[in-house]
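Student: My questions are about this predicted structure, shown below with the sequence.
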Amino acid sequence: ERIRAWATLFAMAGSSEHPRELINIGLLRASLCERLSKMRNLGRPDTAYTVGLLSILDGILAMPMEEALKELPLPESVKQGIGQRSGDYGALLEQAIELETGRLVPQDTAEEEQLLDLFLESGEAAFGILRSLE
């Protein structure tokens, strides 16, 4: 599933002239979703990674997300998570975006530290992948 997500993203990114920052956002969200899935014991981490990575398809393809998702052979739970932000994967994507934008409110100090570590690790992972692509 992860290989399919990567192949899809790179095929689409290669055919567009969007800034690398958009790819970086996808990589960050992928790592955030995967780590949040593990932390919250919600969904499958590899599927959560795919949801985060493909959450930027609309920007890469310059078309509404609903149209972009129609063309891909993805499980319905992934399409709903990305397109409608529903279900477990939609909840993880929402949390990842809130964390990415600084709007996720932790329940307590322990969770705040855990989320900070999660964000830093995800950022390092995303930048590491981006650097390896140069």
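Tutor: Yes, it's here.
Student: ranges for the helices of this structure?
Tutor: Here the chain has its helices, by DSSP state H, at 2-14, 20-40, 45-54, 57-61, 65-70, 76-83, 87-100, 109-132.
Student: ranking those helices by burial, who's on top?
Tutor: Mean neighbours per residue, mean count of other Cβ atoms under 10 Å, is largest over the helices of the chain for helix 45-54, with a mean of 25. (Each C-beta comes from the backbone N, C-alpha and C, glycine too.)
Student: packing partners for that one?
Tutor: helix 2-14, helix 20-40, helix 76-83, helix 87-100 (3 or more Cβ pairs under 8 Å, 6 or more residues apart in numbering; DSSP states H and E).
Student: mean confidence score for that helix?
Tutor: Mean pLDDT, computed over helix 45-54, is 94.
Student: Report the distance from that helix to the chain centre.
Tutor: Centroid displacement of helix 45-54 relative to its chain, using Cα atoms, centre = their mean, to the nearest Å, is 6 Å.
Student: That one versus helix 109-132: what angle between them?
Tutor: Between helix 45-54 and helix 109-132, the angle formed by their directions is 60 degrees, by axes from the mean of the first three to the mean of the last three Cα atoms, to 10 degrees.
Student: CA atoms of helix 45-54 as CSV?
Tutor: Extracted in CSV, the C-alpha atoms of helix 45-54 (Å, rounded to 0.1, in the frame of the first residue of the first chain):
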residue,chain,number,x,y,z
PRO,A,45,-0.4,2.9,10.5
ASP,A,46,0.5,2.0,6.8
THR,A,47,-2.9,3.0,5.6
ALA,A,48,-2.7,6.2,7.7
TYR,A,49,0.6,7.0,6.0
THR,A,50,-1.1,6.6,2.6
VAL,A,51,-3.9,8.9,3.6
GLY,A,52,-1.5,11.6,4.8
LEU,A,53,0.7,11.3,1.7
LEU,A,54,-2.2,11.5,-0.8
